[in-house]
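[1] Have a look at this prediction, sequence included:
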Amino acid sequence: MTNTKAYAAFSHQSPLAPYAIDRRAPGAHDVQIEILYCGVCHSDIHQVLNEWGNSHFPMVPGHEIVGRVTGIGSSVESFKLGELVGVGCMVNSCHHCPDCEDHQEQFCNQTVFTYNSIDVDGSPTYGGYSTQIVVNQDFVLHVSEKLDPASVAPLLCAGITTYSPLRHWRVGKGQKVGIVGLGGLGHMGVKFARAFGAEVVLFTTSPSKVADAKQLGANSAVISTDPEQMNQHLASFDFILDTVSAPHNLDAYTSLLKRDGTLCLVGVPDHPHPSPQVGNLIFKRRQIAGSLIGGIQETQEMLDFCAEHNITSDIELIPIQKINDAYERVLKSDVKYRFVIDIASLKSS
Ligand code: NAP
Ligand code: ZN
């Protein structure tokens, strides 16, 4: 066991504060990682506030982890001491169900999530707002030294959660694609959809983000609260990826889809969206779908694609002591476009 500095929420009503946890010594198949950076996902906030009703406390959030290997078990062959690595939303799964065999571990019934989950040994999992972590080798990713490691951290969740549905629905050249919400996920969605060759339209409730959207790669930006702007795009989209973290009217987006178009939801609001109108779907055979992060193999593919195409997240680097202020700003849709914690600030505290 290694005593490890961390930050935890002790209840859904208390701010995050210092906490000491124990990490297991690396087993034969484990990689021990000194954490350098950890991104701040809106899912961290939903869970700290117990908005999904499944929170366990104390909770050490964080599932966008980049660090260096400091120890390896005797059966680990593909990682070396000192290597730059990443860990995302999962740290284990059953390894042999149809979903695991298809490299879709996120859909396994026994997925162990990086925090707020129960590990294979029955202990609670604690995430990346901490100085080190020990993870089964099959859930550790190789990270290129070519990219800034702090800006890579958000790829481990925001990156794969947008890359995976855009790939699954084969978004590319000749298609018109919408991204809804310019936050952590949304800004990565814009970058990937553009990199895949699509025409990209960003939908935002924040007029102040229009210029940024274009700089990030959107061909145009629409203020979603302006019906006139929305009506200009009726029945014109092949695919829309909705990253909004709060309940909202989905009809506003299904009506923008072409025949057979898909609205894919990745945001997980605390309350359900108002029920969509059936007529809006059946008259053009439109679909509403959902997507959950992405498998480990696809996460590695996404990281390699980012290294090749020089894609990273746009971040605001913060010390851990600013985490509660950062949560407040995310809740106000005021983040450009992902907070990342510099874990050096936790080590020296
Ligand atoms: P974020 O950085 O807070 O971005 C969400 C964006 O949604 C905001 O910046 C804002 O964009 C828009 N928004 C917020 N409240 C809104 C409202 N009431 N009405 C309309 N738009 C609103 O959050 P994130 O980290 O990207 O996460 C987004 C959601 O995805 C969260 O629910 C998170 O839990 C979920 N998530 C899902 C997965 C998955 O696997 N499916 C993985 C990670 C995260 P504008 O200012 O541009 O309008
Ligand atoms: Zn996340």
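    The structure has been received and is ready for your questions. Residues are numbered from 1 along each chain as shown. Ligands and ions are numbered 1, 2, ... in the order given.
[2] make it CA atoms for all contacts and neighbour counts henceforth
    Will do.
[3] Not counting residues beside it along the chain, what's closest to residue 293?
    residue 161 (4.0 Å; C-alpha to C-alpha, 6 or more residues apart in numbering).
[4] Dump stretch 57-71 to PDB, restricted to CA.
    Provided in PDB are the C-alpha atoms of stretch 57-71 (Å, rounded to 0.1, in the frame of the first residue of the first chain):
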ATOM      1  CA  PHE A  57     -18.400   9.300  -0.600                       C
ATOM      2  CA  PRO A  58     -15.700  10.100   0.000                       C
ATOM      3  CA  MET A  59     -15.200  10.500  -3.800                       C
ATOM      4  CA  VAL A  60     -11.900  11.300  -5.500                       C
ATOM      5  CA  PRO A  61     -13.000  12.300  -9.000                       C
ATOM      6  CA  GLY A  62     -10.900  12.500 -12.200                       C
ATOM      7  CA  HIS A  63     -10.900  10.300 -15.300                       C
ATOM      8  CA  GLU A  64      -8.700  12.300 -17.700                       C
ATOM      9  CA  ILE A  65      -5.300  11.200 -16.400                       C
ATOM     10  CA  VAL A  66      -1.800  11.700 -17.900                       C
ATOM     11  CA  GLY A  67       1.300  10.600 -16.000                       C
ATOM     12  CA  ARG A  68       4.500   8.600 -16.100                       C
ATOM     13  CA  VAL A  69       5.100   5.000 -15.300                       C
ATOM     14  CA  THR A  70       6.900   4.500 -12.000                       C
ATOM     15  CA  GLY A  71       6.300   0.800 -11.500                       C
END
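[5] residue boundaries of the helices in the stretch 151-300 of the chain?
    For the stretch 151-300 of the chain, the helices defined by DSSP state H, counting those that start in this stretch cover 158-168, 184-195, 210-216, 227-231, 251-254, 278-282, 296-309.
[6] Over to the stretch 1-150 of the chain?
    42-48, 98-101, 149-152.
[7] Would you tell me which of those helices gets closest to ligand 1?
    With C-alpha to the nearest ligand atom as the criterion, ligand 1 lies closest to helix 42-48 of the helices of the stretch 1-150 of the chain, at 3.6 Å.
[8] The closest one - what's its average pLDDT?
    What helix 42-48 shows for mean pLDDT is 98.
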